[in-house]
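**Q** Provided below for reference: sequence and predicted model.
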Amino acid sequence: MIIVRCEKCGQLIHKAGKCFCCGSTIGFEKIPLSLVAHENVHDEFLRIEHLVRISKFEEAIGLSKLVLEWMPSCSDVFWLRVLAKNKCTSDEELICKGFSAAESADYYNAVLFADKTQKKVYSMVVSKIDALKKTLKKAVGEHEYMEKLGTGIVQQQTELHVGIEKKREKLFKLWSELSAVEHNILAIEKDCELLVHEHEEALEIARTDASSLKEKIYKIEECTAEDLHKYQIQLGELLQQSEQARGAIDSMKKQHPWVAACNELLQKRDSIVDQINSELSSLKSYENRVQSTITEIERIEARHKNALNSIESYHFTDARSLLGEDLFAEAFSEAGIR
């Protein structure tokens, strides 16, 4: 692989369209290397790099095995295997995706067999990956904070105690009012029971007397005109007593001021019950809103935790998807990558 020095920043990189350290696209000095490909695999060696550049990674890995049989200490082949196994066409793409040098046998061999110039290139790529790992973790943390802030959780935390306390006070006040109204209704009911008790007793006496008279009549064998007239008068009087008592009760139900007062209290009670139900519904809605925010916070935390775990394993694709291209580019810039 051809190594060049960027005239703008002085970094050694593998030949590419631009320097990923400073972004320059012109002014590259080729660094002479002493590598000579084995004659038995000369064409194959050149083809490996071409296959990597055109994303035929599996074919490149297969061909590299043949080349290594003749060139087992070729650092370039091992570096190309690093690119191919990570499905990258260039060093810059490898930095973007990330890879763990400590877990790569091919990277170990590439460094083992590298000359001084190659080692500088490899170590610089790894140092950029480490720097990007650090800036991406920071960016993911800041992104998580901003997403949580966007849920309104801070405002809800501020309002939660005050809001719940106000609703509690209002519900307690309504409950106290309801209790007082129920007490007044019960008092009127007791008064009304006492009021109609006299008439109910009159009805009961009339019923008992009528029942006794009926039994007496059923027992007589003969009834004279005088007896018939007497019984008719007695039954008429009992009926009149019943009608008077019932009429008095019905009149009280329609006209007595206590009944009107009770109806007003019943309406007031229903109104208070409606208010209580409304407050409970509002409280339930508030609870659902808070629970929805908590669920969203948990989802945000899970996404960012997965991204951080991937970054820790030197896989940056999840972080790129999470952050978006603009924030990902900012992390690149902060890591010294253009």
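**A** Right, received. Where do you want to start?
**Q** quick one: buried residues of the helix or strand harbouring V140?
**A** Taking DSSP states H and E as the criterion, V140 maps to helix 116-150. Residues 118-122, 124-126, 128-129, 131-133, 135-137, 139-140, 143-144, 147-148 are the ones in helix 116-150 that count as buried (16 or more other Cβ atoms under 10 Å). In this view, the C-beta of every residue, glycine as well, is placed from N, C-alpha and C.
**Q** so for it, what's the average pLDDT?
**A** In this model, helix 116-150 has a mean pLDDT of 93.
**Q** again with stretch 17-35
**A** 85.
**Q** contact partners of it?
**A** Residues from elsewhere that reach stretch 17-35 (Cβ atoms under 8 Å, 6 or more residues apart in numbering): 2-9, 11-13, 15, 74, 76, 91-92, 95, 115, 117-118, 124, 128, 336-338.
**Q** Okay, helices next: where are they in the chain?
**A** With DSSP state H as the criterion, the chain has helices at 42-53, 57-70, 75-85, 91-97, 105-112, 116-150, 153-219, 225-255, 257-312, 317-323, 325-334.
**Q** among those helices, where is the model least confident on average?
**A** Within the helices of the chain, confidence is poorest for helix 225-255, with a mean of 69 (mean pLDDT).
**Q** and stretch 49-69, how far from the chain's centre?
**A** Here stretch 49-69 is found 46 Å from its chain centre; the criterion is Cα atoms, centre = their mean, to the nearest Å.
**Q** Pull out the buried positions in that stretch.
**A** Buried positions in stretch 49-69, judged by neighbour count with 16+ other Cβ under 10 Å: 49, 51-52, 56-57, 60-61, 63-64, 67-68.
**Q** Which two of those have the greatest separation?
**A** K56 and L68 (17.9 Å; Cβ to Cβ).
**Q** Find the one among the helices of the chain with the highest mean neighbour count.
**A** When you average the neighbours per residue for each of the helices of the chain (mean count of other Cβ atoms under 10 Å), helix 75-85 leads with a mean of 24.
**Q** got the angle between that helix and helix 105-112?
**A** 160 degrees (axes from the mean of the first three to the mean of the last three Cα atoms, to 10 degrees).
**Q** Contacts made by helix 75-85 with the rest, please.
**A** Under Cβ under 8 Å, 6+ apart, the answer for helix 75-85 is 1, 35, 45, 48-49, 51-52, 57-58, 60-61, 64, 67-68, 71, 89-91, 93-94, 99, 104, 106-107, 109-115, 118, 122.
**Q** how about T151, what does it touch?
**A** T151 neighbours (Cβ under 8 Å, 6+ apart): 293, 296-297, 300.
**Q** ok, 6 Å please
**A** 293, 296 (Cβ atoms under 6 Å, 6 or more residues apart in numbering).
**Q** ditto for K120
**A** Contact partners of K120, counting by Cβ under 6 Å, 6+ apart, are L12.
**Q** For Y107, see how far away it is.
**A** 15 Å (Cβ to Cβ, to the nearest Å).
**Q** Span of stretch 38-58 from start to end?
**A** By Cα to Cα, to the nearest Å, the extent of stretch 38-58 from end to end equals 22 Å.
**Q** let me redo that: stretch 8-27
**A** 7 Å.
**Q** Name the residues of it that are buried.
**A** Result for stretch 8-27 [16+ other Cβ under 10 Å]: buried residues 11-14, 16, 19-21, 24.
**Q** CSV for these, including distance to D209?
**A** Shown next, in CSV, are the buried residues of stretch 8-27 (distance: Cβ to Cβ, whole Å):
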residue, distance to D209
Q11, 122
L12, 126
I13, 122
H14, 122
A16, 120
C19, 121
F20, 116
C21, 118
S24, 122
